[in-house]
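**Q** prediction below, plus the sequence it came from.
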Amino acid sequence: MRNFGDSIPGSDATWVSRYFTLDPEQPLRASDGVRLIPLLDGERGFKEVIHVAEGFDLVISNMRHEKSTSITSHQSDSRMKFHFRLSGTGALSVNDFDQVSIEQQTNALLLSPSGARKHEFCQAGEVEKSVTLICTRDYLRSVFRRSSEMLPRELRRYLSGKPAEYFSAAMPLQVDMASASRALIESPYQGAMRYLFAQAKSLELLFLSARALIEQPGNVWIDGQHVLHRNEERVRQARGILEENFETPPTISELSKQVGLSPVQLMRCFKQLFGMTVFDFAQALRMNKAKQLLEETDRTVTDIAFDVGYEYSSNFITAFKRHFGVTPNASRQRRKVRPR
């Protein structure tokens with residue numbers, strides 16, 4: 001199989017060729033970028049990777065996940081990623097820790113050290129429409145050379161040349177960011193015009209991100225125990241809602257509206273208070289209930305899958321094995337024999 005190791009900057013060659021292949025109907029010139037189509041069963045759509053400038057690349061994703069998927073990749077170097085998510089929710093973890101939810105209508109930042117192992121999780125039925133800017137340290141230095149002192153501490157550290165450490169943060173997607181992202185995803189242009197349009201819009205998104213970082217650092221970086229203390233009652237309310245609706249848990253957007261917090265505040269404070277993400281907590285509720293039903297009843301795996309909110313038993317089996325390390329049937333075999 002042809003090697004596409006250079007297709008997605010910062011990622012190793014193996015995973016790119018494992019999950020994607022070149023689209024035979026390329027809308028771009030070969031010198032400008034590539035369009036990739038997924039190889040995994042149940043994955044539809046495309047990823048478009050465009051080289052905007054030296055040290056600056058753009059990834060456009062328009063993917064439908066018909067099955068729950070988990071994609072693992074290794075970072076060949078450390079680059080800052082500015083992510084603009086229009087639709088589709090998922091989860092992300094780096095080196096098996098600090099799993100974070102990725103919600104729709106979110107602008108997120110991610111920095112992973114060189115060699116880090118990244119896991120991306122997508123639920124069945126989700127349609128991911130997103131744009132990601134991938135920038136090297138040198139490129140960002142050229143952008144922020146006169147205003148780096150105004151950036152959050154973690155970014156200043158990265159730009160100073162110190163070894164990259166894992167960092168992630170998010171804020172609600174601004175209207176102008178959403179508009180530029182949607183224009184990129186829905187671009188009707190081909191060839192050189194497609195590249196020129198993508199270049200202009202990606203620079204616009206980078207400007208909007210820079211403006212948000214410099215002008216609104218307090219809104220972007222939600223941190224500190226004082227924030228948690230102020231919102232603790234609402235976060236506990238959110239946990240109660242999840243416990244009462246574990247079969248069909250609300251999305252982060254729905255849950256945040258119910259408790260009167262922004263999605264970013266809810267995600268950050270929930271992790272601080274309970275030591276796990278909203279996504280992890282909701283998933284654990286479903287899996288623990290399923291395990292209880294498997295060990296204490298004779299209901300079929302299909303019935304139990306439906307009881308805990310899965311339409312297809314195959315998706316449930318995959319999620320159960322990922323969570324407990326064994327299949328539902330293997331878990332059932334372990335149940336204790338009750339004395340008569």
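**A** Structure's in. What do you need?

**Q** correct me, but residue 86 touches residue 178?
**A** Yes. Applying CB atoms under 8 Å, one finds residue 86 in contact with residue 178, separated by 6.2 Å. (C-beta placed from N, C-alpha, C; glycine too.)

**Q** give me the more crowded residue out of those two.
**A** residue 86 (20 against 17; other CB atoms under 10 Å).

**Q** quick one: which helix or strand includes that one?
**A** strand 80-87 (DSSP states H and E).

**Q** by contact count, what packs against that strand?
**A** strand 106-111, strand 126-135, helix 175-185, helix 191-215 (3 or more CB pairs under 8 Å, 6 or more residues apart in numbering; DSSP states H and E).

**Q** what's the closest of the ones you listed to residue 303?
**A** Among the helices and strands packed on strand 80-87, strand 126-135 comes nearest to residue 303, with 24.8 Å by CB to CB.

**Q** immediately after that closest one, which helix or strand?
**A** Per DSSP H and E, the helix or strand that comes after strand 126-135 is helix 137-144.

**Q** who are the packing partners of that following helix?
**A** So helix 137-144, by 3+ CB pairs under 8 Å, 6+ apart, packs with helix 153-159, helix 191-215.

**Q** buried set for the last one?
**A** Going back to what we said before, that points to helix 191-215. If you call a residue buried by 16 or more other CB atoms under 10 Å, then helix 191-215 has these buried ones: 194-195, 197-199, 201-206, 208-210, 212-214.

**Q** cool, and the first one?
**A** Along helix 153-159, these residues count as buried under the neighbour rule (16+ other CB under 10 Å): 154, 155, 157, 158, 159.

**Q** residues in contact with the last one?
**A** Think residue 159. 137, 140, 141, 144, 148, 151 (CB atoms under 8 Å, 6 or more residues apart in numbering).

**Q** report the separation between the fifth one and residue 207.
**A** The span separating residue 148 from residue 207 equals 16 Å under the rule CB to CB, to the nearest Å.

**Q** how about low-confidence regions in the stretch 201-340 of the chain?
**A** Along the stretch 201-340 of the chain, the parts satisfying pLDDT under 70 run over 216-230, 264, 335-340.

**Q** thinking again about what came up before, only whichever of the contacts of residue 159 are buried, select them in PyMOL.
**A** In PyMOL, this line selects whichever of the contacts of residue 159 come out buried by 16+ other CB under 10 Å:
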select buried, resi 137+140+141+144+148+151
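
**Q** what's the farthest-apart pair in the contacts of residue 159?
**A** Maximum distance among the contacts of residue 159 (CB to CB): 12.9 Å, for 137 and 151.

**Q** show the contacting residues for residue 297.
**A** residue 304 are the contacts of residue 297 under CB under 8 Å, 6+ apart.

**Q** next, count neighbours for residue 185.
**A** Neighbours around residue 185, by other CB under 10 Å: 16.

**Q** likewise residue 286?
**A** So residue 286, with other CB under 10 Å, has 23 neighbours.

**Q** quick one, helices of this protein?
**A** 13-19, 137-144, 153-159, 175-185, 191-215, 217-220, 225-244, 252-259, 263-274, 278-296, 301-307, 313-324, 328-333 (DSSP state H).

**Q** neighbouring contacts of the fifth one?
**A** To tie it back to what came earlier, the one meant is helix 191-215. In contact with helix 191-215 (CB under 8 Å, 6+ apart) are residues 27-29, 32-33, 50, 52-53, 56, 58, 60, 82, 84, 107, 109, 131, 133, 135, 143-144, 147, 150-152, 155, 171, 174, 176-177, 180-181, 183-184, 187, 189, 219-220.
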